[in-house]
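# Mind looking at a prediction? Sequence and model below.
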Amino acid sequence: MTKTPARKGKTPAKAPARKGKAAPAKLAKGASKAPGAPKAPPGAKAPAKPAKGASKAPGAATAAAPAKYRGIWADAADAAAKGKLPPAPDFSAPTHAAYRARLDALIALAKAGDLKGLAGVEMVPPRSSSPKALHRYRDLAMIALRAQAAK
């Protein structure tokens, strides 16, 4: 396969339309897109758009927007800020077998209210779901214990 040399001083020609697809046609000013549609008189303005939040039908009830999803741990974080310990993550799957002892140690420290013990636990870098859950549980438990101590 050989390359065609570029032409000097000339702009490249437009690429032809792809096979089976026609190039979009340009409409004349004031022409409508739909065939057989009535043409607007010259100088006519487009109809005004309704304001944002305005209902489309008069008298239609406006429904409240659903609450934005905040994530699975949002409720646990709110509860921890109020001083409630978070629920322990479920480590019953075989994937988490190597981390069950660490989770049990964290749960024991959290239930004992040992904030210094939780802070001093050496944590595995959160590269998989198990350590991430351990970090999240420890952090939320520490938040809850600090909130309890502040009361």
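That came through fine.
# what about the chain, any weak spots by pLDDT?
Across the chain, the ranges flagged by pLDDT under 70 are 1-65.
# Show residues contacting the longest helix anywhere in it.
Assignment by DSSP state H gives helix 129-150 as the longest helix of the chain. Helix 129-150 is contacted from outside by 73, 76-77, 79-86, 88-89, 91, 95-96, 98-99, 102-103, 106-107, 109-110, 113, 115, 118-119, 121, 123-126, using CB atoms under 8 Å, 6 or more residues apart in numbering. Any C-beta I mention is one placed from the backbone N, CA and C, and that applies to glycine too.
# Pull out the buried residues from that helix.
The neighbour-count check on helix 129-150 (16 or more other CB atoms under 10 Å) flags 130-131, 133-134, 136-145 as buried.
# quick check, nearest of those residues to Ala67?
Leu140 (21.3 Å; CB to CB).
# From Ala88, how far out is that closest one?
Remark: distance between Leu140 and Ala88 (CB to CB, to the nearest Å) = 10 Å.
# How about Pro125?
21 Å.
# Which of these two has more residues huddled nearby?
Ala88 (15 against 8; other CB atoms under 10 Å).
# Name the helix or strand for the more buried one, please.
For Ala88, there is no host helix or strand (DSSP states H and E).
# Just to check, it is in contact with Leu109?
No: contact criterion CB atoms under 8 Å: Ala88 and Leu109 do not qualify, at 12.0 Å.
# Which ChimeraX command selects the buried ones in the contacts of helix 129-150?
The ChimeraX selection below is limited to those of these classed as buried (16+ other CB under 10 Å):
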select :73,76,77,79,80,85,86,89,91,96,99,102,103,106,109,110,115,118
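# Run through the strands of this protein in chain order.
Under the criterion DSSP state E, the chain contains no strands.
# For it, which segments are assigned as helices?
74-81, 100-112, 115-120, 129-150.
# Could you dump these into JSON lines and include distance to Lys68?
What follows is the helices of the chain, written out as JSON lines (distance: least, CB to CB, whole Å):
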{"stretch": "helix 74-81", "distance to Lys68": "10"}
{"stretch": "helix 100-112", "distance to Lys68": "30"}
{"stretch": "helix 115-120", "distance to Lys68": "31"}
{"stretch": "helix 129-150", "distance to Lys68": "21"}
